[in-house]
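> test case, fold it:
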Amino acid sequence: MALLPSGLDGWVAPTLIITSFFTSALTAALSLGGGIALIAILTFIFPASIAVPVHGVVQLGSNTGRAFIRRKDIQWQYAIWFALGGLVGAAIGGQVAVLLPNKLFTLLIAAFLLYSVWGPKPSSKNRDKKALFAFGGFAAFVSMIIGVSGPIVAGLLRFIEDRKQFVATHALLMTFQNSAKIIVFIFFGFAFYEYAFLLFAMICSGFAGTAVGSKLLDRLPEAAFRKAFKIVMSFIACILIFRSF
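Numbering: from 1, shown residues only. So this is what the prediction gives:
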């Protein structure tokens, strides 16, 4: 286990690799849930200053794989301005993220998760370039602070009624989000190379999970798709709140 960071127990790496498979499969099937589940589990093992950048790399692999597998369903016209806004939002959010204590970090994830399931979604009727740029910046800012922005990005895309197009386009936009996040963390000096072996293994297992989950998406009824998402998100939020207190 010399390839792993010092202080990381031997059982942790296999657990995270297996977790990456299942969370990627969940995201591929429901578009949401896997990233939040993964960041929740990572916070049990790492402090926030490590959990967020590690999560960003693994999610980049997962989302890139999902976008590639479902590339024929991507709605490209919404991507470029969202990505540019994400660079700005990530740069600002990165300066705020380092100030958050772990307990507040965990509670924010739980609150954000519950809001994404039960709260009102942002309006997505305005799809011009300025709106997409602003929305991409806001989502990236949130992602830098609490580690996830998938539900916010999904709010932008709710006008896409076909769930296959929704999942594919969401994957592409989240690929942009996580790329911006990693660039910012590199700028702030995070030592990704110390976690290179673990990250590589988690990305590989995540791609396998994405392939499995993508097949499930093709067979999942729309009503089951929506119901399963709410159940998974609420359950994870309750676990996080319990852990914080």
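> helices and strands around the helix or strand hosting A171, which ones?
In this assignment (DSSP states H and E), A171 forms part of helix 163-187. Contacts defined by 3 or more C-beta pairs under 8 Å, 6 or more residues apart in numbering; DSSP states H and E place helix 163-187 against helix 48-69, helix 79-97, helix 129-146, helix 150-156, helix 196-219. The C-beta positions use only the backbone N, C-alpha and C, and glycine is treated the same way.
> on the three-state scheme, the residue nearest the centre of the chain is what?
For the chain, the residue sitting closest to the mean C-alpha position, by C-alpha atoms, centre = their mean, is G35 at 3.8 Å. Look at G35: counting by DSSP: H, G, I helix; E, B strand; the rest coil, its state is helix.
> ok, back up a step: lowest mean pLDDT across the helices and strands packed on helix 163-187, which one is that?
Within the helices and strands packed on helix 163-187, confidence is poorest for helix 150-156, with a mean of 71 (mean pLDDT).
> isn't K181 up against A140?
Yes - counting by C-beta atoms under 8 Å, K181 touches A140, with 7.0 Å between them.
> okay, and the common contacts of these two?
A90 (C-beta atoms under 8 Å, 6 or more residues apart in numbering).
> that older thread, could you give the angle of the helix holding A171 to helix 48-69?
Counting by axes from the mean of the first three to the mean of the last three C-alpha atoms, to 10 degrees, helix 163-187 lies at 140 degrees to helix 48-69.
> pipe the helices and strands packed on helix 163-187 into TSV and attach mean neighbour count and distance to F242 per row.
Shown next, in TSV, are those (neighbours: other C-beta atoms under 10 Å; distance: least, C-beta to C-beta, whole Å):
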stretch	mean neighbour count	distance to F242
helix 48-69	24	18
helix 79-97	20	24
helix 129-146	22	18
helix 150-156	23	21
helix 196-219	19	26
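> same list (the ones you listed) but as CSV, adding distance to F188.
Converted to CSV, these look like this (distance: least, C-beta to C-beta, whole Å):
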stretch, distance to F188
helix 48-69, 9
helix 79-97, 6
helix 129-146, 10
helix 150-156, 22
helix 196-219, 17
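> of those helices, which approaches T169 most closely?
helix 79-97 (7.7 Å; C-beta to C-beta).
> mind listing residues that contact that closest one?
48, 52, 129-130, 132-145, 156, 169, 172-173, 176-177, 180-181, 183-185, 187-188.
> repeat that with 7 Å
52, 129, 132-141, 143-145, 172-173, 176-177, 180-181, 184-185, 188 (C-beta atoms under 7 Å, 6 or more residues apart in numbering).
> count of neighbours near D128?
Other residues within reach of D128, judged by other C-beta atoms under 10 Å, total 8.
> got it, and F159?
12.
> leaving out sequence neighbours, find the closest residue to L220.
Counting by C-beta to C-beta, 6 or more residues apart in numbering, A29 is the residue found nearest to L220 once chain neighbours are left out, at 6.3 Å.
> from memory that neighbour sits against K215, does it?
No - counting by C-beta atoms under 7 Å, A29 stays clear of K215, with 8.7 Å between them.
> rewinding a little: residues contacting the residue nearest to L220?
213, 216-217, 220.
> give me the buried positions along the helix or strand it falls within.
A29 is part of helix 12-30 when elements are defined by DSSP H and E. By 16 or more other C-beta atoms under 10 Å, the buried positions in helix 12-30 come out as 12-13, 16-17, 19-30.
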